[in-house]
Structure formats: structure tokens, C-alpha cells
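In: sequence isn't available, so here's the structure alone:
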């Protein structure tokens, strides 16, 4: 299945929101690349995705829109002491 399909993108974002809700990290993560997507029809659509996610510069307390969050630089991850 095409990884740019709107349904695939929505499913990936839903997965990232679930990850962020269960993560103890203070920064939000968002999807950086969808490497594989499959869909199965079972009383609706069941998506099976391989998604690479990355840490953003947005903290969980102040941001709700992941589209406006940039990724942290890989060499210098931000850390709170």
C-alpha cells in the first residue's frame, strides 16, 4: 500500500499520539518516515505500519499540534535536568 495514502498517514499519527500518551519523555515525538504499510479489511480497516519516529523540540505541556513541531538535531538531543 502507498505510504502516502491519507488513511495510512492518519493511522501513523494516531499511533504516535498513543506513543506520546504512554511515554514518560517530556518531549513529543512525531512520525518521520513510514517505511511499510499494509491494510486488512476486518469490520473496517486494520493498518499494519512500520513507522520511524523522532523526538521533537516541543514539550508535552505546551503543544498539541505535531505539525508545528520540528525534530531535534540528532547530535544534540535536548535534555532537561
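Out: That came through fine. This structure is a prediction, so every number in the text was calculated from the model and none was measured. Residues are numbered from 1 along each chain as shown.

In: the nearest residue to residue 58 once chain neighbours are set aside and residue 31: what is the separation?
Out: Counting by Cβ to Cβ, 6 or more residues apart in numbering, the nearest residue to residue 58 once its immediate chain neighbours are dropped is residue 69, at 3.8 Å. Bear in mind the C-beta positions are built from the backbone N, C-alpha and C, glycine included. Taking Cβ to Cβ, to the nearest Å as the measure, residue 69 falls 11 Å from residue 31.

In: again with residue 17
Out: From residue 17 across to residue 31, the span is 10 Å (Cβ to Cβ).

In: got a list of contacts for stretch 40-47?
Out: Applying Cβ atoms under 8 Å, 6 or more residues apart in numbering, the contact partners of stretch 40-47 are 7-8, 11, 37-39, 48.

In: between these, which is nearest residue 65?
Out: Comparing these against residue 65 with Cβ to Cβ places residue 11 closest, at 18.3 Å.

In: looks like the closest one contacts residue 38 (just checking).
Out: No - judged on Cβ atoms under 8 Å, residue 11 makes no contact with residue 38 at a distance of 10.8 Å.

In: which neighbours do the two have in common?
Out: With Cβ under 8 Å, 6+ apart, residue 11 and residue 38 have common neighbours 47, 49.
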